[in-house]
Each structure stands twice: as C-alpha cells, then as structure tokens.
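**Q** sequence? don't have it. structure:
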C-alpha cells in the first residue's frame, strides 16, 4: 500500500476549457493501471470543449449544479449525486450552470500502450451552444 502525495491544482488550459476550471489529479493511470480520476471544479458558466474518450468516461457530481450535452442531444442539468456515463467515442461537453459552481469526479481509462489517444478534443462550446437550453 502507498499513500500518494497530493499534486498541485492545475488550471484547465484555454484550448480545452472556457472559463475558470481547475482540476486535481487523484489517479493518473500508471501502468499496469489505466484508470484516470480527476476532481474538476468549474466556476459559473465554465465548461469543457467538445471532446470524446476512447474508452468512455464516467462523471460523478459532488457539488453545485452543472450542464452536460452529447452531440445532437439536449442539454441536461446535473446535480450532486448524479452519475453520468458517456460511451466510447461519444462527443460531449460538461460544465457549471450559469449561476452555480459545479464539482465532479471525472473517471476514464486510457486505451493502453500504443492503442491511440485516450481523449480527442474539438472546438470550444460557443456561448450560443451553452445557452441553448
């Protein structure tokens, strides 16, 4: 057994996030494990860019109110206790509601050594897309 030291919080890069987003790495998926877990904190209106994961992603909301949308789907409000699964290859975005902070655990797996990227990032979610609900 090994207690892992806490790593510093990291600001989400502007090419992947709109607004103020910070994350803390809980598990970084060092081989043989491929499991990645981050705590992600979104300020009101902050959100990810459109993205998808090679092996899918599970989110678990721990605080606040948020929004999530799969490409072509409706924007759905998410709250503490909600667990959301996005299957492999499904383009989606998620973030805080307009007037609330939101915190979630993001859990996903890497596809394995030499099997391609774990995530693919697309365009930032526009204000028009975000406010379409």
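**A** Sure, I can see it. The shown structure was predicted, so the numbers you read here are calculated from the model rather than taken from an experiment.
**Q** Next, work out how far apart the closest residue to residue 48 other than its chain neighbours and residue 61 are.
**A** Nearest residue to residue 48, sequence neighbours excluded (C-beta to C-beta, 6 or more residues apart in numbering): residue 93, at 4.9 Å. For glycine as for every other residue, the C-beta is placed from the backbone atoms N, C-alpha and C. For residue 93, the distance to residue 61 (C-beta to C-beta, to the nearest Å) stands at 15 Å.
**Q** out of those two, which sits in the busier spot?
**A** Counted by other C-beta atoms under 10 Å, residue 93 and residue 61 do not tie: residue 93 has more neighbours, with 23 against 20.
**Q** Give me the contact list for the strand or helix carrying that one.
**A** Using DSSP states H and E, residue 93 sits in strand 92-96. Under the criterion C-beta atoms under 8 Å, 6 or more residues apart in numbering, residues 18-19, 21, 42-52, 59, 64-71, 78, 84, 86, 102, 104, 125, 129-130 lie in contact with strand 92-96.
**Q** among those residues, which ones are buried?
**A** 18, 21, 42-52, 59, 64-70, 78, 84, 86, 102, 104, 125, 130 (16 or more other C-beta atoms under 10 Å).
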